[in-house]
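> give the three-dimensional model of this entry:
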Amino acid sequence: MLSDSVQTEIITFIESTFPTVFVVRINFKSGKKNILQVRVDTDQGISMETCALIARKLGPWLDEEDLLPGDYGMEVSSPGIGEAIVLPRQYRKNVDRFFRVRLTSGEHIEGKLISSNEVSLKLLPLAPKSKQVKGRPTKFLEQERTLEFDQIEESKVILL
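Numbers count the residues shown, from 1 in each chain. Model (predicted):
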């Protein structure tokens, strides 16, 4: 586990060196081999080449600043399709994709992302699975749902 101050320093370095990039998540796994995992993205998506460039700049900087304990490996990548969305900014590039959302109330909603802003998102909920017929167009409920981000416990992009 990295301290908040070390995470903040890493985020500041990446986002000041690469202005279009934002850090989604940082994780440090301690074990036989320590691994720093950095998940990054941009509003348009991020390429493997950009991730590699970030790693090439970040590694020497981390060594120079001596922020991490002992030897470590580093992984810089975009969040995978199965990873939860954690920042409101991540929703922008996923408009028109399908999501599975678990609310803090325990309710689960699947639907198509219509729009998002800094405080909420709008979903067009899917009709119950019993009404979906394979090979036919996806059916939606009539009413859009606006969900405030503080109502959302977890949200993931899904493939239909």
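
> ok, residue 68 to residue 42 distance?
Note on residue 68: its distance to residue 42, by CB to CB, to the nearest Å, is 25 Å. C-beta here means a position set from N, CA and C on the backbone, and glycine is covered the same way.

> shaky segments in the chain?
Low-confidence segments of the chain (pLDDT under 70): 129-137.

> from the centroid of it, which residue is nearest?
residue 85 (3.9 Å; CA atoms, centre = their mean).

> so it is in contact with residue 149, correct?
No - Residue 85 is not in contact with residue 149 according to CB atoms under 8 Å; the separation is 9.8 Å.

> now the residue nearest to the centre of the chain: which helix or strand?
Using DSSP states H and E, residue 85 falls within no helix or strand.

> who does the residue nearest to it when sequence neighbours are not counted bridge with?
Sequence neighbours aside, residue 155 is the residue nearest to residue 85 in space, at 4.6 Å (criterion: CB to CB, 6 or more residues apart in numbering). Beta-bridge partners of residue 155, counted by DSSP bridges, are residue 101.

> next one: residue 40
residue 23.

> ok, it - contacts?
Residue 40 makes contacts with 14, 21, 22, 23, 24, 46, 50, 51, 54, 76, 77, 78, as judged by CB atoms under 8 Å, 6 or more residues apart in numbering.

> burial measure for the closest residue to the fifth one other than its chain neighbours, as a count.
If I follow you right, that is residue 24. Leaving aside its chain neighbours, residue 24 sits nearest to residue 39 (4.2 Å; criterion: CB to CB, 6+ apart). Residue 39 has 19 neighbours, counted by other CB atoms under 10 Å.

> is it true that residue 17 touches residue 60?
No - applying CB under 8 Å as the test, residue 17 and residue 60 come out as separate, 11.7 Å apart.

> higher neighbour count, these two?
For residue 17 and residue 60, the more surrounded residue by other CB under 10 Å is residue 17, and the numbers stand at 13 against 9.

> done for today, thanks.
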